[in-house]
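> Provided below for reference: sequence and predicted model.
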Amino acid sequence: MPAPLRNRSFVQLMLYRFSTILSYQIVAVTVGWHVYELTRNPLSLGLIGLAEVLPFFCVAPFAGYLVDHLPRRKLGMAACAGLATTAVLLAAIALHWPPARGVWPIYAAIAVGGCVRAFLGPVYNALFARVLRREQFARGASIGSVVFQSGLVIGPAIGGVLVGWAGKHVAYGTAAAFGVIAVVALSRLQVTEPAPVLQRGPIFASIRDGLRFVFGNQIMLGAMALDMFAVLFGGAISLAPAFIHEILHYGPEGLGILRGAPALGAVSAGLYLARRPLQANAGRIMLLAVAGFGLCIIGFGLSTHFWLSAFFLLLSGLCDGVSVVIRSTILQLATPDDMRGRVSSINGIFIGSSNELGAFYAGSMARLLGLVTSVVLGGFVTLGVVAVTAKLAPRLRKLDLRDLDLHESR
């Protein structure tokens with residue numbers, strides 16, 4: 001058993017992470033079904049993401065500041081309680097809100113959920129560094145990636161089954177229950193909090209310090225930018241429904257297979273790296289992994305056979321899983337403890353924006369150039385991003401995690 005899993009506090013932290021992901025994913029699936037059932041308008045589905053992402057971006061910088069200045073465990077418990085409350089509100093809307101009066105309360109509840117979600121990642125990253133020793137960070141990041149990707153697979157499956165068999169209110173109630181489990185997990189977490197900051201600087205100056213740290217750190221900025229642009233230009237998975245209908249000519253069950261294939265690959269990468277954590281040549285391996293991701297996207301775009309397409313997406317998830325583990329380890333090793341909240345929030349903005357903007361980019365380019373051309377072009381652009389990053393961030397290219405410390409990473 002990897003050493004981190006013998007640490008009870010780390011296990012509690014993983015339970016917190018898994019429960020919050022399940023809660024969020026169940027709500028995401030159920031809300032999509034709920035809104036479309038009421039409106040029958042595809043645009044209303046796009047507004048769901050907008051209703052969540054805009055509050056998330058607005059709150060994230062301040063969430064990072066609060067995580068750095070308030071007790072992290074209690075702040076996380078409050079955020080999880082907010083996650084559960086959001087699900088309860090949605091359940092009440094499903095049961096008692098007349099459809100004729102519109103769907104605006106659903107969007108309002110989603111906006112609250114977006115604000116709450118801005119705290120979950122910074123709290124996790126800040127507590128991660130308090131429950132593990134520095135030499136365990138690489139293994140811990142691999143396990144955390146497995147937990148995260150497993151939640152991405154299991155959560156939507158639970159949500160879909162509950163909506164079909166028991167109704168939307170039961171799905172929302174289950175999401176609320178997972179939020180409560182996350183609260184309990186944090187309440188039982190044994191962790192030493194950093195000493196409180198007695199003299200707090202102006203909030204905007206403090207946020208600016210976090211931005212200055214990230215943008216002055218070549219390794220961290222290179223890793224974040226590499227991940228962001230790879231997902232932005234290589235976001236082919238958002239076009240999976242169109243490929244199913246237009247290219248692969250497969251049934252609706254094929255969509256679930258294609259959507260789950262990258263997560264399965266990422267879980268496999270995380271399990272392997274939990275046993276054999278990367279240390280030497282980590283930067284070079286990260287660049288190669290993102291390049292492999294780009295090649296897999298090109299292969300997916302050119303494939304006309306369903307199972308070959310699924311295989312390319314599986315490999316893309318494997319490559320992405322390696323990249324995510326290395327980036328997570330860099331984030332933990334290179335961030336001073338008093339800045340973990342702010343740096344994690346900035347990382348969340350990088351990654352969150354790439355997912356949403358990547359889907360928009362993929363859809364726009366597919367409309368302009370066609371499905372195959374847009375995906376293949378995105379894969380080649382990802383390869384170009386790797387080449388530019390390798391050129392502009394030599395410290396990342398030469399990175400050995402054993403030599404990384406707070407000062408040499410700059």
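Yep, it's here. Owing to the predicted nature of the structure, the values given are computational and were not obtained by experimental measurement.
> quick one: average confidence on stretch 213-226?
For stretch 213-226, the mean per-residue pLDDT is 83.
> I'd like the next helix or strand past the lengthiest helix in the chain.
When the chain is parsed with DSSP state H, its longest helix is helix 8-39. Once helix 8-39 ends, the next helix or strand along the chain (criterion: DSSP states H and E) is helix 42-69.
> by contact count, what packs against that following helix?
If you count contacts as 3 or more Cβ pairs under 8 Å, 6 or more residues apart in numbering; DSSP states H and E, helix 42-69 packs onto helix 8-39, helix 104-131, helix 203-215, helix 340-369. C-beta: built from backbone N, CA, C; applies to glycine.
> what comes into contact with the helix or strand residue 262 falls within?
Using DSSP H and E, residue 262 maps to helix 253-275. For helix 253-275, the surrounding residues in contact (Cβ atoms under 8 Å, 6 or more residues apart in numbering) are 2, 138-139, 142-146, 149-150, 152-153, 156, 237, 240-241, 243-244, 248, 306, 309-311, 313-322, 324-325.
> on the three-state scheme, residue 190 is what?
At residue 190, secondary structure determined by DSSP: H, G, I helix; E, B strand; the rest coil is coil.
> and it, what are its phi and psi?
Main-chain torsions, residue 190, degrees, to the nearest 10: phi -90, psi 110.
> output the lowest mean pLDDT helix or strand found in the chain.
Taking mean pLDDT, DSSP states H and E as the measure, helix 240-243 is the helix or strand of the chain with the lowest mean score, a mean of 70.
> quick one: mean pLDDT for the longest helix of the chain?
90.
> enumerate the positions of it that are buried.
Of all the residues in helix 8-39, those buried under the rule 16 or more other Cβ atoms under 10 Å are 9-35, 39.
> let's see which of the contacts of helix 253-275 end up in strands.
Judged by DSSP state E, strands contain none of these.
> for PyMOL, what selects the buried ones among those residues?
In PyMOL, this line selects whichever of the contacts of helix 253-275 come out buried by 16+ other Cβ under 10 Å:
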select buried, resi 2+138+139+142+143+144+145+146+149+150+152+153+156+237+240+243+244+248+306+309+310+311+313+314+315+316+317+318+319+320+321+322+324+325
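> and the least confident helix or strand of the chain, what other elements does it pack with?
helix 253-275.
> ok, then the element right after the helix it packs on?
With secondary structure assigned by DSSP H and E, helix 253-275 is succeeded by helix 282-302.
> now that following helix against helix 253-275, angle please.
170 degrees (axes from the mean of the first three to the mean of the last three Cα atoms, to 10 degrees).
> show me what helix 282-302 is packed against.
Using 3+ Cβ pairs under 8 Å, 6+ apart: helix 282-302 touches helix 218-233, helix 306-334, helix 371-392, helix 394-397.
> got TSV for the ones you listed, with distance to residue 285 too?
Formatted as TSV, the helices and strands packed on helix 282-302 follow (distance: least, Cβ to Cβ, whole Å):
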stretch	distance to residue 285
helix 218-233	12
helix 306-334	7
helix 371-392	12
helix 394-397	11
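> nearest to residue 104, of those helices?
Of all those, helix 218-233 sits nearest to residue 104, with 30.4 Å by Cβ to Cβ.
> helices or strands up against that closest one?
Packed next to helix 218-233, using 3+ Cβ pairs under 8 Å, 6+ apart, are helix 203-215, helix 282-302, helix 306-334, helix 340-369, helix 371-392, helix 394-397.
> where among the ones you listed is the average confidence lowest?
Of all the helices and strands packed on helix 218-233, the minimum mean pLDDT falls on helix 340-369 (a mean of 73).
> so what's the residue count around the closest residue in space to residue 9 that isn't next to it in sequence?
Distances taken as Cβ to Cβ, 6 or more residues apart in numbering place residue 131 nearest to residue 9, at 4.1 Å, with adjacent residues excluded. By other Cβ atoms under 10 Å, 21 other residues sit near residue 131.
> likewise for the one 3 residues further on?
Per other Cβ under 10 Å, the neighbour tally for residue 134 reads 10.
> give me the number of neighbouring residues for the closest residue to it other than its chain neighbours.
Leaving aside its chain neighbours, residue 134 sits nearest to residue 333 (7.1 Å; criterion: Cβ to Cβ, 6+ apart). Residues near residue 333, counting by other Cβ under 10 Å, number 20.
> with only the CA atoms kept, save stretch 82-92 in PDB.
Provided in PDB are the C-alpha atoms of stretch 82-92 (Å, rounded to 0.1, in the frame of the first residue of the first chain):
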ATOM      1  CA  GLY A  82     -22.900  25.300   0.800                       C
ATOM      2  CA  LEU A  83     -22.600  22.500  -1.800                       C
ATOM      3  CA  ALA A  84     -25.200  20.400   0.100                       C
ATOM      4  CA  THR A  85     -27.500  23.400   0.500                       C
ATOM      5  CA  THR A  86     -27.400  24.100  -3.300                       C
ATOM      6  CA  ALA A  87     -28.500  20.500  -4.000                       C
ATOM      7  CA  VAL A  88     -31.300  20.800  -1.400                       C
ATOM      8  CA  LEU A  89     -32.500  24.000  -3.100                       C
ATOM      9  CA  LEU A  90     -32.500  22.300  -6.500                       C
ATOM     10  CA  ALA A  91     -34.500  19.400  -5.000                       C
ATOM     11  CA  ALA A  92     -37.100  21.800  -3.700                       C
END
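> state the mean pLDDT of that stretch.
In the prediction, stretch 82-92 has an average pLDDT of 96.
> touching, residue 168 and residue 27? I think so.
No - at 10.4 Å, residue 168 does not count as touching residue 27 under the criterion of Cβ atoms under 8 Å.
> where in the stretch 101-250 of the chain is pLDDT low?
195-201, 238, 241 (pLDDT under 70).
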